[in-house]
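Engineer: A structural model of the following input is requested.
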Amino acid sequence: MKLIKTLGLTLAAVGMMSVTAKALPIVGSISFSGNYSPIGATGSDLTTATAMAINTILVVSADGDLTGAEAWTFAQPTGTVGVNGNEGSLVGTELWKVTVGGVPPVFQFFVQSVLQITTHPQSIGLIGTGYMTRNGLDATDGQWQLNFGASSVPGSPASFSWQASTAVFGVERTPDGGGTLILLGSSLVGLFGIARKSLRIA
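Structural biologist: Okay, the predicted model is just below:
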């Protein structure tokens, strides 16, 4: 009976692990806007730029877990976003970071993929995928969109807009979705059955 009790306690512990080891995904969206300067462009033709230098930025809206976002940074440490064949430099970078509530937790967004879908002398559009992170919550997949527009008024700064959301996927980036713990629990259940059978034979 001692063996059966031990296995029972182990199974209970595994059950607790399968619940407590699973944190919550990040749910929410955020939008930025600001001014930028094209790098390497010929005149105002954005198709000739190699990158966009971010000059100013502000949060336009934020909801869900990102409500109240402040103290933000964007496109750091270089302060630039590659375009027209150079957009791949974004992959793997932390594109933005915000603080919610004036103190940590800090949310960060990392780019996983990027595709330039608009190439026009007056506008450049990028879309892609990425994931947000925050201590205490699961890293969560999402989609993003970044648009650069040329200024219609000579001498005035050009503007950009950014939108990112985790609500599109709403799936935490858990490697196996807790499958390892489920398999471990199943194995122990089988072992528990074998132990009971052995004790009955004895």
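
Engineer: Around residue 102, how many other residues sit close by?
Structural biologist: 8 (other C-beta atoms under 10 Å). Placement of C-beta: from N, CA and C, glycine included.

Engineer: With adjacent residues omitted, what lies nearest to it?
Structural biologist: residue 70 (6.8 Å; C-beta to C-beta, 6 or more residues apart in numbering).

Engineer: Not counting the strand or helix carrying the one you found itself, show me its contacts.
Structural biologist: Here residue 70, judged by DSSP states H and E, is contained in strand 69-74. With C-beta atoms under 8 Å, 6 or more residues apart in numbering as the test, strand 69-74 has contacts from 30, 32, 34, 54, 57, 59, 62, 95-100, 102, 107, 162.

Engineer: Tell me the spacing between the residue nearest to residue 102 and residue 144.
Structural biologist: 20 Å (C-beta to C-beta, to the nearest Å).

Engineer: ok, the two, which is more surrounded?
Structural biologist: Counted by other C-beta under 10 Å, residue 70 and residue 144 do not tie: residue 144 has more neighbours, with 24 against 11.

Engineer: Tell me which helix or strand that one sits in.
Structural biologist: Counting by DSSP H and E, residue 144 is found in strand 137-149.

Engineer: Need the per-residue pLDDT for residue 103.
Structural biologist: Residue 103 is assigned 70 on the pLDDT scale.

Engineer: Ok, residue 55 next?
Structural biologist: 91.

Engineer: Pull the contacting residues for it.
Structural biologist: 34-37, 157.

Engineer: And for residue 93?
Structural biologist: 110-111.

Engineer: Tell me the strands beside the helix or strand hosting residue 108, with direction?
Structural biologist: Element membership of residue 108, judged by DSSP H and E, is strand 106-120. Sheet pairing of strand 106-120 (DSSP bridges) gives strand 94-100 (antiparallel), strand 123-134 (antiparallel).

Engineer: between the ones you listed, which one is nearest to residue 87?
Structural biologist: Residue 87 sits nearest to strand 123-134 of all the strands paired with strand 106-120, at 5.9 Å, using C-beta to C-beta.
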